[in-house]
Each structure stands twice: as C-alpha cells, then as structure tokens.
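Participant: the amino acid sequence is not available; the structure is as follows:
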C-alpha cells in the first residue's frame, strides 16, 4: 500500500505539472525532488512502525518477525525504485505515445521525431 500510494503521489504531481503547462520531461525531472519529503516520510514511518516487531523476538512473535523484516526492507527498496523508475517509466510511455502519434500522422503537432 505504501509503494502504490507513493507512486500515485508522484504520477499525480507529474500530471498536474503537465496540465499547468510544463513539459513532460521537466515535470518528470522535478517530480522526485519536489515530492521526496512526502514519499520519504511515508516509507520511514512504515519502517519505524515495523522496527519494534523486527527486534523484539519472543515466542509469540517468532513467526511474524521474518514477515516484518521482509516488509520493512521491501518498503526501503521500493522507495528508491519509486523515486527513480516511476518518472523514467512515465517518460518512456510518453515517448512511445509521441512516436505512435508521429507514425499515424507525421505532421501532427507535438510529434517531432528526429531521425539521424
């Protein structure tokens, strides 16, 4: 849930910036920096909430500790993926859409595909 929420926050920011007049490249480039605090705080609080369960191994929690460790470190790794791969994926999808539009109508606005 944390990773999905972080990704949605990032994509929503990019969409709002593009709707506000920025280019897709500029919006994707600034998205990670502008939304870093929100994404970082949700991930850190999730990790911090799982920390007591990871370090307090008792007879009652012995079977839940591996799950807590996997979830906590999964959130840490997914935070890095969210901050770097989601904006990159948005740019890749945008480029594919531009190329598809250029293939259908080479003179359409916004379809400058340069060939070497």
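Facilitator: Sure thing, it's come through. As the structure is a prediction and not an experimental result, all values here were calculated from the model.

Participant: quick one, longest helix in this protein?
Facilitator: helix 65-104 (DSSP state H).

Participant: what helix or strand is residue 9 on?
Facilitator: Element membership for residue 9 (DSSP states H and E) is helix 2-19.

Participant: determine the set of other helices and strands touching that helix.
Facilitator: helix 24-34, helix 36-55, helix 65-104 (3 or more C-beta pairs under 8 Å, 6 or more residues apart in numbering; DSSP states H and E). Where C-beta positions appear, they are placed from N, C-alpha and C, glycine not excepted.

Participant: so who does the nearest residue to residue 28 once chain neighbours are set aside touch?
Facilitator: In space, and not counting its chain neighbours, residue 28 is closest to residue 87: 4.1 Å by C-beta to C-beta, 6 or more residues apart in numbering. For residue 87, the contact set (C-beta atoms under 8 Å, 6 or more residues apart in numbering) comprises 10, 14, 28-29, 31-32.

Participant: what pLDDT does residue 87 get?
Facilitator: Note on residue 87: pLDDT of 91.

Participant: what's the spacing between stretch 42-62 and its chain's center?
Facilitator: Relative to the centre of its chain, stretch 42-62 is centred 24 Å away, using C-alpha atoms, centre = their mean, to the nearest Å.

Participant: any idea how far residue 37 lies from residue 9?
Facilitator: 11 Å (C-beta to C-beta, to the nearest Å).

Participant: these two: who's more crowded?
Facilitator: Neighbours were counted for residue 37 and for residue 9 using other C-beta atoms under 10 Å; residue 9 has more, 16 against 9.

Participant: surely the more buried one and residue 35 touch.
Facilitator: Yes: here residue 9 reaches residue 35: they are 5.7 Å apart, a contact under C-beta atoms under 8 Å.
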